[in-house]
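> fold the following for me, if possible:
(chains A and B)
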Amino acid sequence: MPRYGMVIDLDKCNQCGACVTACKLENNVQIVSKENAEMGRAMFWMKMLDTSYEGNYPDVRAVNIPALCMQCDEPSCIKVCPVRATFKRDDGIVAQIYPQCIGCRYCMANCPYTAKVFNWFKDEQPVENEKCHNIDVSVRPKGVVEKCTFCIHRLQIAKEKAKAEKRELQEDDYVPACVEVCASKAIYFGDLDDPHSKVSKAMHDYRKFTLQEELGTKPKVYYLSAKSE
Amino acid sequence: MDDHHYIDEDEVLFRPIYQTSKSFYVLAAALIAVFLFGAAMYVRQFIFGLGETGMNEPVTWGFYIISFVFFIGISHAGTLISAILRLSKAEWRRPITRMAEVITGIVLMIGGLHPIIDLGRPDRILHIFERGRLQSPLLWDMTSITAYFTASTIYLYLPLIPDIALLRDRGGKFHKLYEILSWGYQGTERQKHVLEKAINILMVMVIPIAISVHTVISWIFSMTLQPGWHSTIFGPYFVVGAIFSGIAALIIVMIVFRKVFHFEDYLKKIHFNYLGTLLLVMSLLWFYFTFAEYLTTFYGHEPSEMRVFLYKFVGGYAPFFWLMVFCNFIVPVVFLSNKKLKTIPGILIASIAVVIGMWLERLIIVVPSLANPRLPFITGIYVPSLTEISLLAAATAAFILGFMGFSKLFPLISIWEIKEGREESVRMVSERLNEYLPSKGHIRKEIV
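From the prediction side, this is the model:
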């Protein structure tokens, strides 16, 4: 059984934000109204975190890092869910069951990475936007929690395709949308347990770190940076 | 004939049931209006989603969870205090226990509803029974609150039976209801014995259940990794706070009913004096816990904890924090430790301050931690919406309405216990006293 994970090379990342956009479109993440966005209800599965600023005024440059669900090996969100609406699959992906969620938002309160988002309203998009909907991903109803799933629908499709072509699942068959669009190829994705995969090679780097290692949640999203965080 | 005489004696306790003043209807109508407005706002929230509230990311819990913790806290007034006073054979408990137990019953219903109001999908509430995970603190919570509600309602009902029998014997209004509810109680020796035994068993059972309820509520917070929540002291801290706010609510209710229904002869200065002292002790205990909690945080100086700490002490929530300290510590200590100020109005002021202060404490616990999550790059702000404010008003209205409704059906002061006290407590207490006083003869012998 593979153990899917991700490595983001911050030294390669030029902070263009393509991964954020791609993720939003790929997963039909709700676009909320301006007022709601200002209230702090903008929905992103992958977002850019403003971590620090470089340089002196007026030559200041914000340093952003792309952040998503860390797909922890010891996830604190699944511990507190009262109805098993979120769980860890055998391949390591922390998945959500939307029809099971009662919307108590306990998992959001217990996520140290603040990676989860809530559907405060019904998803109502202009008709034109419907053409952009990805038919492979269900639109979430109001009142449930959602988050990054490593584009789990792509895994499903890739598996089916490989089965139809009577072959094993190859490494490049399945990558999430953010990895696919990254222009500077800063994001690696694949099986962390496979020593030959790109991701596990990228992971064995002295620059490696994870966010909030000290909590023991064992994230499967690693960052690489020569600058100490 | 003897019975008849006794009823006359305590006629004032029956009066609220049979006489209703005009102002009662006016107040009830106003409160029902507030309640219905809240209900309408909830229906709106149910249709359009939780977006109607002021909650956002990362402040995903707001007024509803605050009210939940607050109201469940108030419920500790009741049963716990009445059980402890009964258990310790405090004679002055007699006119107090009933009101305390009623508070518990009403407030548990209100508080217990709040997590459901808070759900994004209340239509899926049955999933908790179908697919509930016992590993989740929310399930522990549901279990203990249901147990507490069951135990405390029975504990309210059992000591009510002799009084219902009295009402039944008077005939008139709601005769049928009283006949069913009194279970054929006639006051025979055997019935009395069984009733007393049942009350005794329940009162011992209720104390651990009550303590577990608020401990488990605190665990909802302290089991998470959030800074400011992840603390081992939270269990006892919440229990102390709950009893604290409970006593304050009880004193307010007692003073109001004493005034409205002319219970001056039953609720005397000494009752308020004793409860005031208890409130003072709880205030000091509350301060001790608060001090211990924040000193540890400050001394440890962990960055994520310190962000929450500073947010409370000097940041956005500083006005609320210091108002809480003022309401929960300074006001009660000033009013209750000073003989001149420890009058009934003074005790009322202290109690109102404590209720406000304890609500603020719940606010201080829930919001700042969520607004300053562990990952330091996201911070939140929380402003409650009209929906949340009107639901808080509706909950308060429901509390008062519940009491008003109860006062029209059952006596607010336990009549049979008053009677029993009048007849027997002097003898019982002096017997008990004689048991533990050293005998005179013994002393003389020693001296000689």
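> show the backbone phi and psi for the residue of chain A found nearest chain B.
Going by Cβ to the nearest Cβ, chain B is nearest to residue A:103 of chain A, at 2.1 Å. For every residue, glycine as well, the C-beta is placed using N, CA and C. The phi/psi pair for residue A:103 (degrees, to the nearest 10) reads phi 80, psi 30.
> can you check residue B:274 too?
Dihedral angles (degrees, to the nearest 10) for residue B:274: phi -60, psi -50.
> for it, which residues are in contact?
residue B:92 (Cβ atoms under 8 Å, 6 or more residues apart in numbering or on different chains).
> before we move on, what about residue B:252?
By Cβ under 8 Å, 6+ apart, the residues touching residue B:252 are B:348, B:351, B:352, B:355.
> ok, 6 Å please
residue B:351 (Cβ atoms under 6 Å, 6 or more residues apart in numbering or on different chains).
> quick check: residues of chain A near chain B?
Residues of chain A lying near chain B by Cβ under 6 Å from any Cβ of the partner chain: A:39-41, A:49-51, A:76, A:80-84, A:102-105, A:108-110, A:112-114, A:120-121, A:142-143.
> for ChimeraX, what selects the buried ones among those residues?
Buried residues among the residues of chain A next to chain B (16 or more other Cβ atoms under 10 Å in any protein chain shown), as a ChimeraX selection:
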select /A:39,40,41,49,76,80,81,82,83,84,102,103,104,105,108,109,110,112,113,114,120,121,142,143
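> report the longest helix in the chain, please.
Since you didn't name a chain, this refers to chain A. In chain A, with assignment by DSSP state H, the single longest helix is helix A:152-164.
> should've been chain B
Under DSSP H, chain B gives helix B:189-222 as its longest helix.
> show the average pLDDT along whichever helix or strand comes after it.
Scanning forward in sequence from helix B:189-222 by DSSP states H and E, the next helix or strand is helix B:234-261. What helix B:234-261 shows for mean pLDDT is 90.
> buried set for helix B:234-261?
B:234-235, B:237-255, B:257-258, B:260-261.
> over to stretch A:179-187?
A:179, A:181, A:182, A:186, A:187.
> now for these: which two are most distant?
Pairwise distances across those (Cβ to Cβ) peak at 11.0 Å, for the pair A:181 and A:186.
> from the buried residues of stretch A:179-187, which land in strands?
Among the buried residues of stretch A:179-187, the members found in strands (DSSP state E) are residue A:187.
> any chance of the buried residues of stretch A:179-187 in JSON lines, plus pLDDT?
Converted to JSON lines, these look like this (pLDDT from 0 to 100):
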{"residue": "A:179", "pLDDT": "93"}
{"residue": "A:181", "pLDDT": "94"}
{"residue": "A:182", "pLDDT": "92"}
{"residue": "A:186", "pLDDT": "92"}
{"residue": "A:187", "pLDDT": "93"}
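> what are the boundaries of the helices in chain A?
A:18-26, A:34-36, A:76-80, A:106-109, A:152-164, A:177-181, A:198-203.
> who wins for proximity to residue B:333 among those?
When the helices of chain A are ranked by proximity to residue B:333 (Cβ to Cβ), helix A:106-109 comes first, at 34.1 Å.
> residue ranges with poor pLDDT in chain A?
A:228-229 (pLDDT under 70).
> hmm, back to that, next, the contact list for the residue of chain A closest to chain B, please.
So residue A:103 contacts A:143, A:144, B:119, B:120, B:121 (Cβ under 6 Å, 6+ apart).
> ok, residue B:50 to residue A:83 distance?
Note on residue B:50: its distance to residue A:83, by Cβ to Cβ, to the nearest Å, is 17 Å.
> if we can go back for a sec, strands - which of the residues of chain A next to chain B land there?
Under the assignment DSSP E, these contribute A:49, A:50, A:51 to strands.
> so which bits of chain B are right by chain A?
Contact residues (Cβ under 6 Å from any Cβ) of chain B with chain A: B:49-51, B:56-58, B:60, B:119-121, B:124, B:127-128, B:131, B:133, B:136, B:138-139, B:224-225, B:373-375, B:377-378, B:380.
> number of residues surrounding residue 156?
Using chain A. 12 (other Cβ atoms under 10 Å in any protein chain shown).
> chain B is the one I meant
Neighbours of residue B:156 using other Cβ under 10 Å come to 24.
> any idea which helix or strand carries it?
Assigned by DSSP H and E, residue B:156 falls in helix B:137-157.
> buried residues, that helix. List them.
Those would be B:137-142, B:144-145, B:147-149, B:151-153, B:155-157, for helix B:137-157 by 16+ other Cβ under 10 Å.
> which residue ranges of the stretch 51-200 of chain B form helices?
B:63-87, B:97-118, B:127-131, B:137-157, B:161-170, B:175-181, B:189-222 (DSSP state H, counting those that start in this stretch).
> so how far is the first one from its chain's centroid?
With Cα atoms, centre = their mean, to the nearest Å as the basis, the distance from the averaged C-alpha position of helix B:63-87 to the chain average is 3 Å.
> tell me which residues are up against that helix.
With Cβ under 6 Å, 6+ apart as the criterion, helix B:63-87 contacts B:93, B:97, B:100-101, B:103-104, B:107-108, B:110-111, B:114-115, B:117-118, B:152, B:155, B:203, B:206-207, B:210, B:217, B:242-243, B:245-246, B:249-250, B:359, B:362-363, B:366, B:384, B:388, B:392, B:395.
> what's near enough to touch the residue nearest to residue B:56 when sequence neighbours are not counted?
Nearest residue to residue B:56, sequence neighbours excluded (Cβ to Cβ, 6 or more residues apart in numbering or on different chains): residue A:40, at 3.7 Å. When contacts are counted by Cβ under 6 Å, 6+ apart, residue A:40 touches B:56, B:57, B:380.
> take the residues you listed and write them to JSON lines, including distance to residue B:400 and pLDDT.
Formatted as JSON lines, those follow (distance: Cβ to Cβ, whole Å; pLDDT from 0 to 100):
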{"residue": "B:56", "distance to residue B:400": "32", "pLDDT": "88"}
{"residue": "B:57", "distance to residue B:400": "35", "pLDDT": "85"}
{"residue": "B:380", "distance to residue B:400": "33", "pLDDT": "82"}
